[in-house]
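Novice: Kindly return the folded structure for what I paste below:
(chains A, B, C and D)
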Protein chains: 2
Amino acid sequence: MNSDFTLAIHSLTLLALQPDRMSTSEYIAESAGVHPVRIRKVLSLLKKHGFIKSKEGTGGGFIFALELSEVSLWDIYKITSEGALQPKCPESNEQCIVGANMQSVLFTIFLGAENHLGEYLKDYTIKEVVSLINQK
Amino acid sequence: MNSDFTLAIHSLTLLALQPDRMSTSEYIAESAGVHPVRIRKVLSLLKKHGFIKSKEGTGGGFIFALELSEVSLWDIYKITSEGALQPKCPESNEQCIVGANMQSVLFTIFLGAENHLGEYLKDYTIKEVVSLINQK
DNA sequence: CCGATCTGTAATATTTATCATTGTAGTATA
DNA sequence: TATACTACAATGATAAATATTACAGATCGG
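Specialist: Have a look, this model is predicted:
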């Protein structure tokens, strides 16, 4: 699984705990253990989809834009990792009935798998994640 | 998703279509478009779990050991890719409540996700895959 | 208006993971 | 005993993920 997905969840959870002030990419990066530029890249996706707001300049940073329960892990998956479940087949032999058709058969099966996973991920929102973090 | 998973399915499907003779790693590799050594590596896992048999020497190779309907994609996933769904978190900051606990929260969630995926993959056996290939 | 502090983004370098290749030993067959 | 295989380890090449650097643009407070 794509680690942008993890980073997005981590970032949103952190923002959820700082509802009243802007958090900088450096602050988030420090918590997540990655480079600030990566955080900005991932968060710019989340911003594009309206989950967070950002502001440049002094005192700027990122802040949650919705209710915590309005953002599910499935939403985040779709933005950061759609298609990640698909196995990447090598170029196989078109002369062989298996080589020629395996890719499209697996594609179909994994499309279903991704939707099935979606049903599971929909049940977890950032609200749940925050409460799981707090339980620890 | 790990491509060993794909290779295993590809190989088993090919073996399913050659029920009466041994198939060599070179033959399978040609169909799958990868190096024979990789095929042998993946197939040795499947052999260890009793799904196929192998024989060395002239006229040797690999052959299916069970009924096609006895091998599901979930079985293959567990052998080749268990844990692949788990996002690989970077070392995060232990000083921060989020950094300190995110990994274990995500681990739990993705354990559930993998089991949920399992329910889906159990419905596809090599028999189904073969028939999907033939439909094309 | 100027300097400091941010985001936004592209370009490049570095690290890591994946995969191919080579080599060698062992087994079966004819 | 020569040939055709698997088995497996070790090394090398390639591709993907990630960090780093660099710079432009926004915002704020003197």
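Novice: Phi first, then psi, for A:M22.
Specialist: Backbone geometry at A:M22, expressed as degrees, to the nearest 10, gives phi -70, psi 140.
Novice: actually A:H49, not the one I wrote
Specialist: Dihedral angles (degrees, to the nearest 10) for A:H49: phi -100, psi 10.
Novice: what about chain A, any weak spots by pLDDT?
Specialist: By pLDDT under 70, chain A contains no weakly predicted segment.
Novice: If you count residues, where's the longest helix of it?
Specialist: helix A:97-121 (DSSP state H).
Novice: can you give me how far the following helix or strand past it is from the chain middle?
Specialist: For helix A:97-121, the following helix or strand on the C-terminal side (DSSP states H and E) is helix A:126-135. Using C-alpha atoms, centre = their mean, to the nearest Å, the distance from the centre of helix A:126-135 to the centre of the chain it belongs to is 16 Å.
Novice: Okay, and the most centrally placed residue in chain A sits in which element?
Specialist: Residue closest to the average C-alpha location in chain A (C-alpha atoms, centre = their mean): A:F5, at 3.1 Å. A:F5 is located in helix A:3-16, with elements delineated by DSSP H and E.
Novice: following that helix, which helix or strand shows up next?
Specialist: That would be, after helix A:3-16 and using DSSP H and E, helix A:25-32.
Novice: how about the helix or strand that that following helix is followed by, does it get close to DNA strand D?
Specialist: The helix or strand immediately downstream of helix A:25-32 is helix A:36-48, counting by DSSP H and E. Yes. Among the residues of helix A:36-48, A:37-38 lie within reach of DNA strand D under C-beta under 7 Å from any atom of the strand. From N, CA and C alone the C-beta is placed, and that goes for glycine too.
Novice: Kindly report the same for stretch A:61-78.
Specialist: No. Residues of stretch A:61-78 contacting DNA strand D under C-beta under 7 Å from any atom of the strand: none, with a closest distance of 11.0 Å.
Novice: Mind listing residues that contact that stretch?
Specialist: A:5, A:8-9, A:11-12, A:15-16, A:18-19, A:21-25, A:27-28, A:43, A:46-47, A:49-55, A:84, A:117-118, A:121-127, A:129-130, B:109 (C-beta atoms under 8 Å, 6 or more residues apart in numbering or on different chains).
Novice: Then stretch A:104-119?
Specialist: A:74, A:77-78, A:82-83, A:85-87, A:89, B:1, B:6, B:9, B:73, B:113, B:116-117, B:119-121, B:124, B:129, B:132-133, B:136.
Novice: one more time with 7 Å, if that's ok
Specialist: Here stretch A:104-119 makes contact (C-beta atoms under 7 Å, 6 or more residues apart in numbering or on different chains) with A:74, A:85-87, A:89, B:6, B:9, B:113, B:116-117, B:120-121, B:124, B:129, B:132-133, B:136.
Novice: about what we covered before: in the longest helix of chain A, what counts as buried?
Specialist: A:97-99, A:101-103, A:105-106, A:109-110, A:113-114, A:116-117, A:120-121 (16 or more other C-beta atoms under 10 Å in any protein chain shown).
Novice: ok, which residues in chain A are in contact with DNA strand C?
Specialist: A:24-26, A:36-37, A:40-41, A:43-44, A:47, A:54-62, A:88, A:90.
Novice: List only those of the residues you listed flagged as buried.
Specialist: Of the residues of chain A next to DNA strand C, these count as buried by 16+ other C-beta under 10 Å: A:25, A:40, A:43, A:54, A:61-62.
Novice: Can you tell me how far A:L66 is from B:M22?
Specialist: 59 Å (C-beta to C-beta, to the nearest Å).
Novice: Show me which residues of chain A sit near DNA strand D.
Specialist: Going by C-beta under 7 Å from any atom of the strand, the residues of chain A near DNA strand D are A:2-4, A:33-35, A:37-38, A:55-60.
Novice: which of the residues you listed come close to chain B?
Specialist: A:3, A:33-34 (C-beta under 7 Å from any C-beta of the partner chain).
Novice: In JSON lines: the residues you listed, plus neighbour count.
Specialist: Formatted as JSON lines, these follow (neighbours: other C-beta atoms under 10 Å in any protein chain shown):
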{"residue": "A:S3", "neighbour count": "18"}
{"residue": "A:G33", "neighbour count": "16"}
{"residue": "A:V34", "neighbour count": "20"}
